[in-house]
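# Sharing a model that was predicted from the sequence below.
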Amino acid sequence: MTVLVITGTGTEVGKTVTTAAVAAAAVAAGRSVAVLKPAQTGVLPGEAGDADEVVRLAGAVTAVELARYPEPLAPATAARRAGLAPVGPAEVAEAAGKLAADHDLVLVEGAGGLLVRFDDEGGTLADAARLLGAPVVVVASAGLGTLNTTELTARELRFRQLELLGVVIGSWPDEPDLAARCNVVDLPVVAGVPLLGALPGGVGRLSPASFRSGAGGWLAPGLGGSWDVEAFTAECQRF
């Protein structure tokens, strides 16, 4: 696996910290890593974006951002309102391919969910994944409502004949409620793929050193970590 696409079931589900954790685990294993953010929205010039945050948390990672738009909107809308050129799936695939020539792992982090539009022609992260032939990891929330959005995302990936590698819970609460605990069992069922990790809530606020030392313990072996999904699931059922 040279290129991995990381998408979410929506906004604010933990895509960036998940990307950073995968990057940190890979760096710890001695792999060279690049993170590609096709379209960064809601961030002004000179401010740190998602790719910068991955570097801050994960360490020695190459960061590339193809476009930046100031308003916190879907990339196509933000580009149009700013009078700036949009980024299309072909540009994303080309950039990821170039990074893959010089890195062991390239992580492509989307904006929002799978079908958020990059351009007015309807290009999406799913289209970029198809051009790359890359597997996709879906980052989902823990609580009520996540089953619907996760299953819809998984169905769309299968409809497009894209490989769904697994699901990561992007922010696991300190005190999970009944819905969150049940969702640990139900998420892999509705998605049809295994859980590949659960990041504790707030890990993005850890020091970089603490984040890097903990990253492997939040991810399953399929993402380069040591997280035990069976033990985690069993613990969640003790209620």
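Received the coordinates, thanks.
# Tell me the buried residues in stretch 151-167?
Within stretch 151-167, the residues scored as buried using 16 or more other Cβ atoms under 10 Å are 151, 153, 154, 156, 157, 162, 164, 165, 166, 167. Yep, even glycine has a C-beta here, placed from its N, CA and C like the rest.
# would you list every one of the helices in this protein?
In chain order, the chain shows helices spanning 15-28, 50-58, 75-82, 89-100, 125-132, 146-159, 178-191, 208-215, 229-236, with DSSP state H as the criterion.
# can you list contacts of the second one?
Contacts with helix 50-58, where a contact means Cβ atoms under 8 Å, 6 or more residues apart in numbering, come from 15-17, 19-21, 23-24, 27, 33, 35-37, 40, 48, 61, 63-65, 107, 109, 204, 206, 208, 211-212, 215.
# at 6 Å instead, please
Contacts of helix 50-58 with the rest of the structure, by Cβ atoms under 6 Å, 6 or more residues apart in numbering, involve 16, 19, 20, 23, 24, 35, 37, 61, 63, 65, 208, 211.
# Mind picking the two most distant members of these?
65 and 211 (20.8 Å; Cβ to Cβ).
# and the two? which has more neighbours close in?
For residue 65 versus residue 211, the count of surrounding residues by other Cβ atoms under 10 Å is larger for residue 211: 22 against 18.
# Excluding chain neighbours, what is closest to the more buried one?
Spatially, and ignoring its direct neighbours in sequence, residue 211 is nearest to residue 57 (4.7 Å; Cβ to Cβ, 6 or more residues apart in numbering).
# Number of residues surrounding that neighbour?
Applying the criterion other Cβ under 10 Å, we find 24 residues in the vicinity of residue 57.
# Now do the closest residue to residue 219 other than its chain neighbours against residue 25, distance only.
Excluding its sequence neighbours, the residue lying closest to residue 219 (Cβ to Cβ, 6+ apart) is residue 225, at 3.0 Å. Look at residue 225 and residue 25: by Cβ to Cβ, to the nearest Å, they are 5 Å apart.
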